[in-house]
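A.B. asks: kindly generate the corresponding structure for this input.
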Amino acid sequence: RQTMLFHSFLREPGTLTRSRDTKGRINALIEDLGLSQVKHTRIADLTASEKQRLNVACHLLLDTDIVILDQPTKGMDIFDTFFLVEYLRQWAARGRIVILTIHPPTYEIFTMISKVALISCGRLMYYGKRREMLSYFAFIEYPCPAYKNPSDYYLDLVTKDDLSPEAMLESSQRIDTLSQTFRRKAPPLSDPGPPGMLPPKIKKANILMQIVGLWIRALIYMYPFNVINWIKLVIIAGIISVCAGTVFAGIRWKFWDPVWQREPEFEQDNVNDRVGFNYVMSVVCVWSLVLHLAADVWRCRAPVARDIQDDLYSKFAYIFTKSIYSIPGSVGIFVAYTVPAYLLAGVRFPLDDHLNYFYLYLGVMMVYLLLLRSIVLLLTDLCPSLPLAMGIMGALTLVTSLVTGFSLHQDELPPWISWLRYVSSQYWLTEPVLRGEFNTVTNFYCHANPMITDSGIIKQIGCGIPTGTKALEYYSLSPWRLAGLAGLRSADPVLVVVILGLCATAAVTVAYILIFLLLPVQAKQKKRKMQ
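C.D. replies: Numbering: from 1, shown residues only. As a prediction, the model looks like this:
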């Protein structure tokens, strides 16, 4: 019922008399097409027959004089097919025209059809009344055998047989003969008479109303399943975050050890632990969210493409609406993914510097994850298959993550590869995040280093990376390379999050604009190839 309400919101009959009592017509169609028991059921939970009848109901809701249906009985059993064709026959008996393509029907269903058009290879084999079809083919020496379904027999007659070269030649010649014969024997078209009034045009919603309708469908009609799905993704993201945080627990602050907290010391190995944590959170664990997001987008792709092809709403309206209403939900999922792991890794709450860099880390991760989400949406919409989209995404992630400085030091990058740093989202994420990691560490210790004697003095060999500043220098992160962001270190953390959130919104909008511009070009190229 919600689907039909959504259709009626975006399209309505062209005459005022027909557009009245929309809910009454919806209830009548639901009752007549046998959908009463499933009127509050999700479309995904409907059977193939119920989906087809719902699709027919959405088109009949417009109450037009001419209804064109493409294979409305596809996937339906013989009883549901009989029921639907009989209903369409009664609908046409009210002074309307119903044109439909149909698989070879049974003889009983075949007798319900008033006129038949038999087409093969783009040419007309027969067009006329159903009652005259058998006599016509018998007259041209192709009679239907006794006890044979005419629809099956004549469809086989006009189908090319590619089992062998001889069969292909024979069937092609037969099709040519039937086409030429019908062209000679077809009666001339009758005089249409004086021009009459055209049927009223369907009233379609403007772009603003399309956006409002899509918002209503996403937030109201899909409730509570949209909330359940969001909670499911939040739980999954939280579990992943807790698992990662458990592995890296205490790398910043051992919150469970009060003795260590009185005299906190970090070993030099802690440098690799901190870098590894950020690499795992930005490259490894995030893949589970990426796959869930891509799968959800792919499930919606076919219905959305069908609605756009049916001119129910424009592609721009869908892209704009989805880019806006999905941001709060995505942010909630990403917060569930980011915060637990960071807190388990340790935050020293009494110190403002720790909290400031926590806010900075949260804001930067939101920008990165929203940008990653936009790239996934772009690839999923552009690629013809989900595995191809994920393969390209994996290749991009692999290449761009190799230049972050974790797998391979930045100073060791070959000249023909080093330029990838400037197009790598992981690289730009690493810069502020690692600065926040190491700026709060004054000393690293190496208690396991051996003791040596120097000028009669016994002392321990010092650490190669004694401070957080030296750690930044080791990873070639000493200069603040993000131009224009140096002031973030002293800015209000709330302001930082707001600015970064606006940047994330801009990144999502740009990605969706790319989808909007590239997909029509791709569709036009396919049409040209088909022509």
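
A.B. asks: ok so L118 is a helix residue?
C.D. replies: No: read with DSSP: H, G, I helix; E, B strand; the rest coil, L118 is strand and lies in no helix.

A.B. asks: quick one: contacts for it?
C.D. replies: If you count contacts by C-beta atoms under 8 Å, 6 or more residues apart in numbering, L118 has them with 124-127, 154-155, 158. C-beta coordinates here come from the backbone N, C-alpha and C atoms, glycine included.

A.B. asks: let's see it at 6 Å
C.D. replies: Neighbouring residues of L118 by C-beta atoms under 6 Å, 6 or more residues apart in numbering: 125-126.

A.B. asks: roughly how far apart are it and K39?
C.D. replies: Distance of L118 to K39, computed by C-beta to C-beta, to the nearest Å: 38 Å.

A.B. asks: then P143?
C.D. replies: 48 Å.

A.B. asks: do L371 as well
C.D. replies: 41 Å.

A.B. asks: show me which of those two is the more surrounded one.
C.D. replies: L371 (20 against 15; other C-beta atoms under 10 Å).

A.B. asks: which strand or helix spans that one?
C.D. replies: helix 352-382 (DSSP states H and E).

A.B. asks: with V98 instead?
C.D. replies: V98 belongs to strand 97-101, assigned by DSSP H and E.

A.B. asks: check which residues of that strand are buried.
C.D. replies: For strand 97-101, a neighbour-count test (16 or more other C-beta atoms under 10 Å) marks 98, 100 as buried.

A.B. asks: give me the residues contacting that strand.
C.D. replies: Residues contacting strand 97-101 (C-beta under 6 Å, 6+ apart): 66-72, 88, 92.

A.B. asks: could you rerun that using 8 Å?
C.D. replies: 65-72, 88-89, 91-92.

A.B. asks: show me these that map onto helices.
C.D. replies: Counting by DSSP state H, those place 88-89, 91-92 in helices.

A.B. asks: my guess is G468 contacts L434. True?
C.D. replies: No: using C-beta atoms under 8 Å, G468 is not in contact with L434; the gap is 9.5 Å.

A.B. asks: which ones are touching K74?
C.D. replies: Counted by C-beta under 8 Å, 6+ apart, K74 has contacts 48, 52, 103.

A.B. asks: so the helix or strand harbouring the second one versus strand 97-101, what angle?
C.D. replies: Counting by DSSP H and E, the element that carries Q52 is helix 48-60. Relative orientation of helix 48-60 versus strand 97-101 (axes from the mean of the first three to the mean of the last three C-alpha atoms, to 10 degrees): 140 degrees.

A.B. asks: what packs against helix 48-60?
C.D. replies: Applying 3 or more C-beta pairs under 8 Å, 6 or more residues apart in numbering; DSSP states H and E, one finds that helix 48-60 contacts helix 2-10, helix 22-32, strand 66-70, helix 78-92.

A.B. asks: what lines up beside the shortest one in the sheet?
C.D. replies: Here strand 66-70 is paired, per DSSP bridges, with strand 97-101 (parallel).

A.B. asks: now the partner strand: how far from the chain's centre is it?
C.D. replies: Distance, stretch centre to chain centre, for strand 97-101: 33 Å (C-alpha atoms, centre = their mean, to the nearest Å).

A.B. asks: do the same with stretch 364-371
C.D. replies: Counting by C-alpha atoms, centre = their mean, stretch 364-371 comes out at 19 Å from the chain centroid.

A.B. asks: how about stretch 409-426?
C.D. replies: 31 Å.

A.B. asks: mean confidence for that stretch?
C.D. replies: With pLDDT averaged residue by residue, stretch 409-426 scores 80.

A.B. asks: which residues touch it?
C.D. replies: For stretch 409-426, the surrounding residues in contact (C-beta under 8 Å, 6+ apart) are 282-283, 368, 371-372, 399-404, 427, 475-476.

A.B. asks: kindly export it (C-alpha atoms) in CSV.
C.D. replies: Provided in CSV are the C-alpha atoms of stretch 409-426 (Å, rounded to 0.1, in the frame of the first residue of the first chain):
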residue,chain,number,x,y,z
HIS,A,409,58.8,4.4,4.1
GLN,A,410,58.0,7.6,2.2
ASP,A,411,61.7,8.4,1.6
GLU,A,412,62.1,4.9,-0.1
LEU,A,413,59.2,5.4,-2.5
PRO,A,414,60.4,5.4,-6.2
PRO,A,415,59.9,8.7,-8.0
TRP,A,416,57.2,7.2,-10.3
ILE,A,417,55.2,6.1,-7.3
SER,A,418,55.6,8.9,-4.8
TRP,A,419,53.1,11.2,-6.6
LEU,A,420,50.4,8.8,-5.5
ARG,A,421,50.7,10.4,-2.0
TYR,A,422,48.8,13.5,-3.2
VAL,A,423,45.8,11.5,-4.4
SER,A,424,45.8,9.1,-1.5
SER,A,425,43.1,9.7,1.1
GLN,A,426,44.9,7.5,3.6
